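# Got a predicted structure here, sequence first:
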Amino acid sequence: MFSVLSRKSLLHALTVAAIYAPAFLASGQPAIQPSREIHLPVPESRGSYSHYPIPGLAARDHFSWRVTPDQSILVFDSDTSGNWPLVRVRKWWTENPVSEVLKISGWVAADKKNLAEIYVDVQVTPDGRYAVVFSGALWRDKSDFLLHAPKGYIQRPSDTIITVIDLDRWQVVTSIHTATLGDIQIRDARVVNDRWIAFDDSHLGQSPSEYGAYPISNALISIPDLKPGPKCVSQRVSHIWQRPPDSVAESLRKQNDQACREVLEATGRDSAKALETLIQRGSDVEPGTMKIHILDAVASGLPGEVNLWTAEGHEEDFFRYWGEYPYNENYAENPPLESSSRLWYGLYGSQERQFYELVRYDAEGEKQKSQTARHLMCGDPSLDSPKSACGCRVINVSEEDHALLAYCRRQHSDYDGMFQRQWLSIFRSDDLSEVGFIDLPKNGEMWGAIGSGNGHTYILTVEHGDILRVYAVPDRP
């Protein structure tokens, strides 16, 4: 909510303006600046789960956010007090945004002893009726200690607190600890429809087969009452192994589809592979014709089928961070994105080597349109540097709002180097034309999303779980 600026507020506004001062591309397009900055009603310091020798577990760095179907924004923050705030912001595009906070039970400071990781996520059912928040924790195994575990050390079982919120009533419906369901280590979790949450569990304690097939448990939990539903165990071949013979792969596929028949029916998937992809990526299986485009960057020179197998394994690395910052892995070649209209958008190497080719495909993987991105992305001399490692990735698309959003990052020397710059690039989703870019603070793990309000399109970012910034996307000339 905005009012007359005090001296302190004016100083803050001038500081924000300095940070986001207009910059100009070689093409003459101005950088987009925030039209509104909303400070969320949460404590600025929410403690830390860090402990020796595990750094980097400050609560401010572990949060998740989502734009709901009614264009409200949900931000779920971790807090060592155990009262994790879920913030809803409505009318954020106006001068009088409305914020409300719901306290959700989460992990407290005392839980940080021998803590290895925490996972935070918020998701929403497609009909917009319920939000589901996840606060997961994984404690150190004996093998994780530098020298040896303390005498008599027993690892605390991993646990995820799942809570369902009725968004109409703005109240908690129910909450469970997955540890009460058994020895479960959630690897990925996904609200797959209005009735079910699906998750996979790789903590089955079984050795792989001779072809590298590991058992994976795929299970459902109902919404909103969080009761266990159908589940199945499928065999997934790890890409760290050699590609199995066709006969073995086909036999495993049939076995998996048969074993997961009830789960597939509940989730509307047609195969165990499609179910696994939905849980892990939130999308359908990428059409095989599209995968060819990454072969030049990954394992080039190998035979076609082996090359494709290696490339698929490379793509899996990008989706290992459920409940964490989603763009830990960012290279020159990154996975494409499927939109809600079942169109695919990807960035691939252009014939003009320093630039990307932005490409749109239909659901079958047939190319619909492509455009060389000479500005706004890696290769643009006003944003990129020849001595840096730079990569861009499509992260959000809204055909309804005619907007496409890509995340770009430049790092020192290589893709493990320090962040030098990160920004969001905006394109039109219909003709793939350039719109502009948004500079992000280089020292924060940030991303953006597309939102709309009062007939206009906006880009939204959240910093440290407590600052929401709103950027108006320029209309067509």
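In hand now; what should we look at?

# What strand or helix carries the residue nearest to the spatial centre of the chain?
Nearest to the mean C-alpha position of the chain, counting by Cα atoms, centre = their mean, stands residue 326 at 3.9 Å. Of the helices and strands defined by DSSP states H and E, none includes residue 326.

# My understanding was that it contacts residue 448; is that so?
No. Using Cβ atoms under 8 Å, residue 326 is not in contact with residue 448, being 11.6 Å away. Bear in mind the C-beta positions are built from the backbone N, C-alpha and C, glycine included.

# which ones are touching the residue nearest to the residue nearest to the centre of the chain when sequence neighbours are not counted?
In space, and not counting its chain neighbours, residue 326 is closest to residue 447: 6.7 Å by Cβ to Cβ, 6 or more residues apart in numbering. By Cβ atoms under 8 Å, 6 or more residues apart in numbering, the residues touching residue 447 are 326-327, 395, 407, 424, 461.

# what's the closest of those residues to residue 71?
residue 461 (15.7 Å; Cβ to Cβ).

# Which helix or strand contains that closest one?
Residue 461 is part of strand 456-463, with elements assigned from DSSP H and E.

# All the helices of the protein, residue numbers only.
Counting by DSSP state H, the chain has helices at residues 7-19, 246-259, 261-267, 272-281, 288-291, 304-316.

# quick one: the residue lying closest to residue 220 once chain neighbours are set aside from residue 181, how far?
Nearest residue to residue 220, sequence neighbours excluded (Cβ to Cβ, 6+ apart): residue 229, at 3.6 Å. Separation of residue 229 from residue 181 (Cβ to Cβ, to the nearest Å) stands at 11 Å.

# swap in residue 249?
Distance from residue 249 to residue 181, by Cβ to Cβ: 31 Å.

# Return the closest of the contacts of residue 447 with respect to residue 142.
The shortest approach to residue 142 among the contacts of residue 447 belongs to residue 326, at 29.9 Å (Cβ to Cβ).

# contacts for stretch 44-54?
Residues outside stretch 44-54 that contact it (Cβ under 8 Å, 6+ apart): 56-60, 62, 77-81, 107, 109, 111-116, 118, 140, 146, 465-466.

# Quick one, which of the residues you listed are buried?
Neighbour counting over the contacts of stretch 44-54 (16 or more other Cβ atoms under 10 Å) leaves 57-60, 62, 77-80, 107, 111-112, 114-115, 118, 140, 465-466 as the buried ones.

# Mark which of these are part of strands, please.
Among the buried ones among the contacts of stretch 44-54, the ones falling in strands (DSSP state E) are 77, 107, 115, 118.

# Taking the residues you listed, tell me the two that lie furthest apart.
77 and 115 (17.3 Å).

# ok so, going back, for residue 334, see how far away the residue nearest to the centre of the chain is.
11 Å.

# cool, and residue 30?
Remark: distance between residue 30 and residue 334 (Cβ to Cβ) = 27 Å.

# Next: residue 170.
37 Å.

# of the two, who's got more company?
Ranked by neighbour count (other Cβ atoms under 10 Å), residue 170 and residue 334 place residue 334 first, with 23 against 13.

# The more buried one and residue 378 touch, don't they?
No. Residue 334 lies out of contact with residue 378 (Cβ under 8 Å); the separation is 11.0 Å.

# between the two, what contacts are shared?
391-392.

# So what sits opposite residue 164 in the bridge?
Beta-bridge partners recorded for residue 164 (DSSP bridges): residue 132, residue 174.
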